[in-house]
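1. here you go, sequence then predicted model.
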Amino acid sequence: MYKFFLLNSLMLLWSITAIAQCNPEDWIEWGYDWGKVIEKEALKLFPLSEADEEIIGDSLHLQMIAKGNVAKNHPQKATLQRILRKITPHVKRKGIQYEIHILEDKKVPNAFSLAGGHIYVTEKMIDWVDSVNELAFVIAHEVGHIDGKHSIAKVQKLLLSETALSHKYGKEYAQMVGSLGLLLSSPMGQIDEYEADRLGASLAVKAGFNPRDGLNFFERMSKKESKNIIERIVRTHPYSSARHNCLDEYLRVDLKK
Ligand SMILES: [Zn+2]
């Protein structure tokens, strides 16, 4: 009887987790990502305007510059900017100014974004993608994180914990957040990744790119995941094979692409 109960529980957990991967409904987030609950509380407790978000983002970007690997004049920057300029007219939050930066890193294919509209793409990622459409999907995914408030929610969550440690809630946002190096390049949660894939695909379509190239990206990325270069990323990111399947379903069913 006990074994039967255990087996049933495991099967239920597995099926809900499987659903949770593609459909992060509110009730699933409650069960599977307690961090999202705290983020939602933080969003209510620390409502930030888009102007506040810009100030925070610029402060975080200064820290990125201080790290010393943000390229000043990169020959590929114009290409990235052209892609970004096609995507950003379609965002929901019009008050955010987007800027794209190239990181001088020829080893790790990576891209990430910060609150306030700063997006970073490594040189290796630019070399690694197979097409402009793939690159557009990568960039649109990062725009999705910002437009979907994933990035600013992390700031607000940290403000919540800072306040819990008796810091004063006031105008010193930028300074306080600027001291939180944790925010720089820290990965988003799994639920955010699936949502950013969907938001990114939708933005890529509106911008005139072929979002199905995002599927090629995940196919090739999943081959890399069996090797150790991506291992530390997959702990916080969903597996690329799962993202591929969810994206494929979203493109076929929702976007009819
Ligand atoms: Zn992401």
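-> That came in fine, so what should we check first?

2. my guess is residue 251 contacts residue 204. True?
-> No: assessed by CB atoms under 8 Å, residue 251 is found out of contact with residue 204, at 10.0 Å. (C-beta placed from N, C-alpha, C; glycine too.)

3. higher neighbour count, the two?
-> Per other CB atoms under 10 Å, whichever of residue 251 and residue 204 has more neighbours is residue 204, with 31 against 20.

4. pLDDT score for the more buried one?
-> With respect to pLDDT, residue 204 scores 97.

5. checking it next. Helix, strand or coil?
-> Put simply, residue 204 is helix when judged by DSSP: H, G, I helix; E, B strand; the rest coil.

6. can you verify my assumption that it contacts residue 138?
-> No: assessed by CB under 8 Å, residue 204 is found out of contact with residue 138, at 9.7 Å.

7. can you give me the strands for the stretch 101-250 of the chain?
-> 111-114, 118-122 (DSSP state E, counting those that start in this stretch).

8. could you dump those to TSV with mean neighbour count and mean pLDDT?
-> TSV is the format used below for those (neighbours: other CB atoms under 10 Å; pLDDT from 0 to 100):
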stretch	mean neighbour count	mean pLDDT
strand 111-114	24	92
strand 118-122	23	96
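
9. could you dump the ones you listed to a markdown table with distance to the ion?
-> Output for these, formatted as a markdown table (distance: least, CB to the ion, whole Å):
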| stretch | distance to the ion |
| --- | --- |
| strand 111-114 | 7 |
| strand 118-122 | 11 |
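
10. indicate which one of the ones you listed is closest to residue 90.
-> strand 118-122 (15.2 Å; CB to CB).

11. show me what the closest one is packed against.
-> In terms of contacts (3 or more CB pairs under 8 Å, 6 or more residues apart in numbering; DSSP states H and E), strand 118-122 is packed against helix 50-67, strand 99-103, strand 111-114, helix 132-147.
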